[in-house]
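In: predicted model and sequence follow; I will ask about them next.
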Amino acid sequence: MGSDLERVDAHVIQDSEYEDLPELTDAMIGRATVRKAGRPVANNPRLQVTIRLPADVLARWKATGPGWQTRMAKRLEKVE
């Protein structure tokens, strides 16, 4: 595989390796920003609900393959 992970894992950090790192100052910390990871908040978030459907209806939706939940939601949006 050609990986250097064993060599990297075996490396012991020496004091001299820290010389290149500047000391953190209050000004540096004041400029720092925290960014939340993950997906952006949706304008129309999905809500979890529980409904009971006949087994054959659910089986037909699942048989349509991956994404069946999204397709079902789009179909339900059209119902008035």
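Out: Received the coordinates, thanks. This one's a predicted model, so the numbers in the text were calculated from it and none came from an experiment. Residues are numbered from 1 along each chain as shown.

In: so what does Thr70 have for phi and psi?
Out: phi -70, psi -40 (degrees, to the nearest 10).

In: tally of neighbours for it?
Out: Using other C-beta atoms under 10 Å, Thr70 is surrounded by 10 other residues. (C-beta placed from N, C-alpha, C; glycine too.)

In: please apply the same query to Arg71.
Out: Residues near Arg71, counting by other C-beta under 10 Å: 13.

In: all helices of this protein, in order?
Out: Per DSSP state H, the chain carries helices over the ranges 5-10, 26-31, 55-63, 68-77.

In: which pLDDT value goes with the residue nearest the centre of the chain?
Out: The residue lying closest to the centre of the chain (C-alpha atoms, centre = their mean) is Gly38, at 4.8 Å. Confidence at Gly38, expressed as pLDDT, is 88.

In: any idea how far Ala32 is from it?
Out: Between Gly38 and Ala32 the computed distance is 19 Å (C-beta to C-beta, to the nearest Å).
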